[in-house]
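**Q** What follows is a predicted structure for the sequence shown.
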Amino acid sequence: MSRLLPSVLRPRDHRGVRVRLVERSSARREGMLGMERRQIVSDTAERAVADTWLVILGGIMGVGLILVAAPAVQQWGMFGAAMLGLYAALCGFILFAVNRRLLAREVMTLYLSHRRCPACAYALDHLHQESDGCVICPECGAAWCLPQEPQERFR
């Protein structure tokens, strides 16, 4: 899925470079860390369903607005329908982008709290910190600022 997204929707590492997060298939092999990641994805999916209802409610309100304004403007016909479709699509895209960023932030926080690279799941435990406090992942080259206290290690 992340390969189909434009780079604008991809999260950034701590130096501002856009990265892809760990794929779902590799999360299955990560034991407890993968289970936590799947729980975050599940919670975000529930939030996305709630946001979908908000889009539907917004669409209903948009239809109501068009019905109220239509008598005043005689030429709403196809233009009104097109505007309503555009409005619904824009709301849906905005909610998709916001949910995607929230999910990415939660997944990055989870991986970094376990001292793993969110882009490739490489262990960052014993790597040297640069002058800006970031650790460079030798596997993928992403730069991450690790928390001071690591979480309990999972295998």
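**A** Nice, I can see it.
**Q** where's Y122 relative to I56, distance?
**A** 42 Å (CB to CB, to the nearest Å). Using the backbone N, CA and C atoms, a C-beta is placed for each residue, glycine as well.
**Q** for G92, that is, sorry about that
**A** Distance, G92 to I56, by CB to CB: 10 Å.
**Q** So which residues of the protein form strands?
**A** Assigned by DSSP state E, the chain shows strands spanning 135-136, 143-144.
**Q** Among these, which comes closest to D51?
**A** D51 sits nearest to strand 143-144 of all these, at 28.8 Å, using CB to CB.
**Q** any chance of the strands of the chain in JSON lines, plus mean neighbour count?
**A** Shown next, in JSON lines, are these (neighbours: other CB atoms under 10 Å):
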{"stretch": "strand 135-136", "mean neighbour count": "20"}
{"stretch": "strand 143-144", "mean neighbour count": "22"}
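**Q** Contacts for stretch 129-149, please.
**A** 13-15, 17, 19, 112-113, 115, 117-120, 122, 124, 127-128 (CB atoms under 8 Å, 6 or more residues apart in numbering).
**Q** Cool, thanks, talk later.
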